[in-house]
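# give the three-dimensional model of this entry:
(chains A, B and C)
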Amino acid sequence: MAEDTPPVHEGDGHEGDAPDAVIPPEAPVDAEPEPEPEPAEPEERAYSEAESELLARLEGELGDAVVDHADAYGTLVVRVRPDAWRRAAEVAKTRLECDFLSFVAGMDWQPAPREGDEESSDTSAPVQPTETTFGAAGSEGRFQVFAHVESTDRHWGVTLKTDVTDAAPSVQSWVGVYPGADWHERECWEMYGFTFDGHPSLRHLYLPGEFEGHPLRKDFPLLARVVKPWPGLVDVEPMPEDGEPESSETTAGSEEPT
Amino acid sequence: MSARAGDVEIAPEDLRHLADAQLNVELDTGDMVLNLGPQHPATHGTLRLVVRLDGERVIAADPVIGYMHRGYEKLTEFRTYPQVTTLINRIDWLSSFANEVPFIWGAEQLMEIEAPPRAVHIRTILTELSRIATFLLFLGEMGLQVGALTPPFLGFRDREHVLNLIEAATGGRFHPNFNRIGGLKDDLPWGWIGETRDTMRIVFDACNTLEDLLMGNEIFELRTRSIGIIPGELGAGYGVSGSNLRASGVDWDLRRDGTPYLAYPELDFKVWTHSDGDSYARYWVRLQETRESARMVIQLLDQLPSGPIMAKVPRIIKVPEGEVWTETENPLGQMGYYIFSKGATGPFRTKIRSASFSNVSILPWLLRGVYVPDVITILASLYFILGDIDR
Amino acid sequence: MIPTLAVEVGWGTTLALKTLIVLGLVPFGALVLGYTFLLKMMSHMQSRLGPMDPGGFHGWYQLIGDGLKFIQKEDVMPAKADRRVFALAPAVVVVSTFLVFVVLPAGPELVVSDLDVGVFYALAVSSLSVVGVLMAGWASANKFALLGALRAAAQLIAYELPLLLAVVGVVIQADSMSLQGIVSAQANGEIFGIGLIGNPFILTQFVGFALFLVAAQAELTQAPFDMPVAESELVAGYMVEYTGFRFLFFFIGEFGTAFAFSALAATLFLGGWAVPGLDNEGLSTVIGPAVLFAKLMAVAFLMFWVRFTYPRLREDQLQTLAWKYLIPIGLANILVTGALKVWI
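Residues are numbered from 1 along each chain as shown, chains lettered A, B, ... in the order given. Below you'll find the predicted structure:
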């Protein structure tokens, strides 16, 4: 992130804003109060200086290989075409000065299996929506590969995403550019089933040798639940009336500091 | 003679040990494949290193991980946010408070709420305390790995004081599970601040003792100088982070350089680097960082504001749709969470970026041509936790 | 025999008595050293207490209890191990320890056999343990054990020379290789005409003493020279497949040899059982063992203190130390001692 904009502290004249927003310090544009986020659509945020600079450099080098871009709470997210995945890595390493590889991972946008019931008061398991929606910078299909790289010098970073086709899930490998991608891609392969062209040896990293299936895909069940279904809320205490704050969850009081 | 690993040029000086490894080829006495682990005192857990040896020199090393793989990323898809906190405590179990912080921060960013300043300060204090705790253990047990029997006892003994503090505040020595979205579970107990100040004095003494005992020892220097040199750029390419990278001269600390988080913007602290990149440098950097953390804790105690420790959050927490990437400077390195949320009470997907995973991925490159005892020294100096590698 | 007892016994009984004493002395020595230094001194140096419970008083019974525990354990042998060699190896190591005790004098006549070449014999038989270590490492059919045994072979052979060279200076000064002769040379000697404390060779042979201690530390595979038994790498090295009473043999061998080497150092450099100025033979016989015990505990204290403090040297650094530094120093020491002996 750019180091030249002053950080925003509590009491900088933002008390009037509601709700208290977590404001990235290099975005003076966000001084106006923001609208309540709608649960359905992601919010549009203005880019910080660093993000704009990164985006400009990426688009300058990759041109129309950049399919979409967005801001995820201060991080620039850029989606590139699958055939430009490796080139994006090279651009990131040379032009964007991002020498640090954070991770390379896979994503499955298919809705998760429903467990609980939204109407019941069972709060012990999350109930995910059944419609397929995509995140920042969108997605073409069910699968994506995303990676995050950072610069140890310029102190900025970017998240790169690319789409993976369902039928032949194959992505270019980053091993030649970032040597650390070796293990990340192995994990991606065994968890999702994506093959990486150019990877020296795709073999199991975490799972034993004869494991079948790709565990992190949404259609692969959580084996613990197969063995024993989730029991739901077991110790049920009567909930206090709504409107009465519970002592440990919402509190406005405090003890004197010692 | 220089070499390339990807796009990185490796200087000839760093390849000296590899050149020696070629000398034994003519004898052709056959290689021995040795299994270091998964049960081995030097591998810090269930890490298995399959090394091919020529006499006592390593020709090739292949780490086999996954003995402790608990499937956290899959599990987080089936858990609510408070339940995930109990899970991720156990990723790096020596500094477990520090694991919760980036996740809770990410959820708070998605919900666009901010924890009150007192909670932020106490979070910072507890993070730094867990950093001190885990580094004291490192300072002791690296001595054990090179053969000195006394330092680990001293490290453990002084670490107990810090763990007592964490237990007094949170209720758990190892797995506090103290963070809540919006703040903390409870306020600090009476007398905690005074005790913490006393404990920081003990920490300074411990650092001085261990420095005298180990770092001034000629044998320790013989065993650790020039062993396991990681060139800075190559390390960054592999994803090596934290004290390991700072010991190679890369001046990068997320507390100072990343997105501002917790109370670090209000603190005055120094980021320690060392230019050598060998095991001695890694030990030295962590020693200095322990002292720096103690100084930070004292600063934080002086600056501790009063106020609530929990922001107003609904009872059933539903985090709005979005995705966020948070990264923090954990004791082991850079830890990050990429949280995808779809508006439910639990995350849709969490990508857990753990530091030790990348730190260990450099081992196949790093261990070529070193002696077997040096393998142990390198493993000890990289300081990984199996739960962090295997998640 | 012993004049104070005024009992005449034949040589057979004497031999049997002496054998029994040696056989009992070795485990006793191992026990005492192990308890005092390994369990108690190490614990206090590491700010903990060590065993406190067994036996009531500071856990003095701990090692005896451990010994009994080891004896009643199952005898496990790896499937691919060479059975006979595997079983013999601990015996070879322990036998070499017993043999060293043959020449150690504890009083004017309290020695099993005062050989004329006592020093030479002691060092020669103590190096037999190398064979036992190699046997153990190879017969275990375990790569870690093999690594440990090879390291041990290289190390033990390398450090025999400094050990020997350190002692040669003493022999030159004492004009005798027999240990009783060395003791009396120290007791009856004088420093610049003052015979108050005799002439303990530690004063003139301080280089030899230091060399002997370092080399003894390496011969015993104790830190900083414990590569063969590198606990954090090889997990007991050549002993890794040994359990039960076989491991007990190794343990007794290790600490018994430590006892023997401490006694040797006390005899060669500190004056042994003799108290200078005490000429009464009867009294010397009674307090001789106690004096020797005190001196050897002082030497053992030094050895174990170094053991608990220093990290271990890597194998090649170990060899460098022996061949490039200790042996030249030992040779120089002999030169100087010989020159001074001739001219003074």
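
# which residue is it, in the stretch 1-150 of chain C, that comes closest to chain A?
Of all residues in the stretch 1-150 of chain C, C:Lys143 sits closest to chain A, at 22.5 Å by Cβ to the nearest Cβ. Quick note: C-beta positions are derived from backbone N, CA and C, even for glycine.

# for the closest residue to that residue other than its chain neighbours, list each beta-bridge partner.
What sits nearest to C:Lys143 in space, not counting adjacent residues and going by Cβ to Cβ, 6 or more residues apart in numbering or on different chains, is B:Leu34, at 5.3 Å. When assigned by DSSP bridges, B:Leu34 has beta-bridge partners B:Val51.

# would you pull up the residue in the stretch 51-200 of chain A closest to chain C?
Closest point on the stretch 51-200 of chain A to chain C, by Cβ to the nearest Cβ, is A:Trp183, at 25.2 Å.

# pull the contacting residues for the residue nearest to C:Lys143.
B:Val50, B:Val51, B:Arg52, B:Leu53, B:Val372, C:Lys143, C:Phe144, C:Leu147 (Cβ atoms under 8 Å, 6 or more residues apart in numbering or on different chains).

# pretty sure B:Lys342 is touching B:Phe348, no?
Yes. Here B:Lys342 reaches B:Phe348: they are 4.4 Å apart, a contact under Cβ atoms under 8 Å.

# of the contacts of B:Leu34 - the most surrounded one?
C:Leu147 (26 neighbours; other Cβ atoms under 10 Å in any protein chain shown).

# got a pLDDT number for that one?
With respect to pLDDT, C:Leu147 scores 80.

# report the contact partners of it.
Contacts of C:Leu147 (Cβ under 8 Å, 6+ apart): B:Leu34, B:Glu56, B:Val372, C:Gly137, C:Leu234, C:Gly237.

# distance to B:Gly140 added to those residues, as JSON lines?
What follows is these, written out as JSON lines (distance: Cβ to Cβ, whole Å):
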{"residue": "B:Leu34", "distance to B:Gly140": "27"}
{"residue": "B:Glu56", "distance to B:Gly140": "27"}
{"residue": "B:Val372", "distance to B:Gly140": "23"}
{"residue": "C:Gly137", "distance to B:Gly140": "31"}
{"residue": "C:Leu234", "distance to B:Gly140": "21"}
{"residue": "C:Gly237", "distance to B:Gly140": "23"}
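
# separation between the residue nearest to C:Lys143 and A:Pro82?
Using Cβ to Cβ, to the nearest Å, we find B:Leu34 at a distance of 42 Å from A:Pro82.

# so what's the residue count around the residue lying closest to B:Glu292 once chain neighbours are set aside?
Spatial nearest neighbour of B:Glu292, excluding adjacent residues (Cβ to Cβ, 6+ apart): B:Phe269 at 5.6 Å. Applying other Cβ under 10 Å, we find 16 residues neighbouring B:Phe269.

# any idea which element B:Phe269 lies in?
Counting by DSSP states H and E, no helix or strand carries B:Phe269.

# quick one: residues contacting it.
B:Arg255, B:Arg256, B:Glu292, B:Arg295, B:Met296, B:Gln299.

# which one of the residues you listed has the most neighbours?
B:Met296 (25 neighbours).

# helix/strand/coil for it?
Taken by DSSP: H, G, I helix; E, B strand; the rest coil, the conformation at B:Met296 corresponds to helix.

# who touches whichever helix or strand the residue of the stretch 51-200 of chain A closest to chain C is part of?
Element membership for A:Trp183 (DSSP H and E) is helix A:181-192. Around helix A:181-192, the neighbours that count as contacts under Cβ under 8 Å, 6+ apart are A:89, A:101, A:103-106, A:108, A:143, A:145, A:147, A:169, A:173-175, A:194-196, A:199-200, A:202-207, A:211, A:214-217, B:73, B:239, B:357-358, B:361.

# least trustworthy helix or strand in chain A by mean pLDDT?
helix A:223-227 (a mean of 81; mean pLDDT, DSSP states H and E).

# how far does that one sit from its chain's centre?
For helix A:223-227, the separation from the chain centroid amounts to 26 Å (computed by Cα atoms, centre = their mean, to the nearest Å).

# helices or strands next to it in the packing?
In terms of contacts (3 or more Cβ pairs under 8 Å, 6 or more residues apart in numbering or on different chains; DSSP states H and E), helix A:223-227 is not packed against any helix or strand.

# cutoff 10 Å now
helix B:72-76 (3 or more Cβ pairs under 10 Å, 6 or more residues apart in numbering or on different chains; DSSP states H and E).

# show me what secondary structure element comes after the helix it packs on.
Note on helix B:72-76: by DSSP H and E, the next helix or strand toward the C-terminus is helix B:81-88.

# brilliant, that's me finished.
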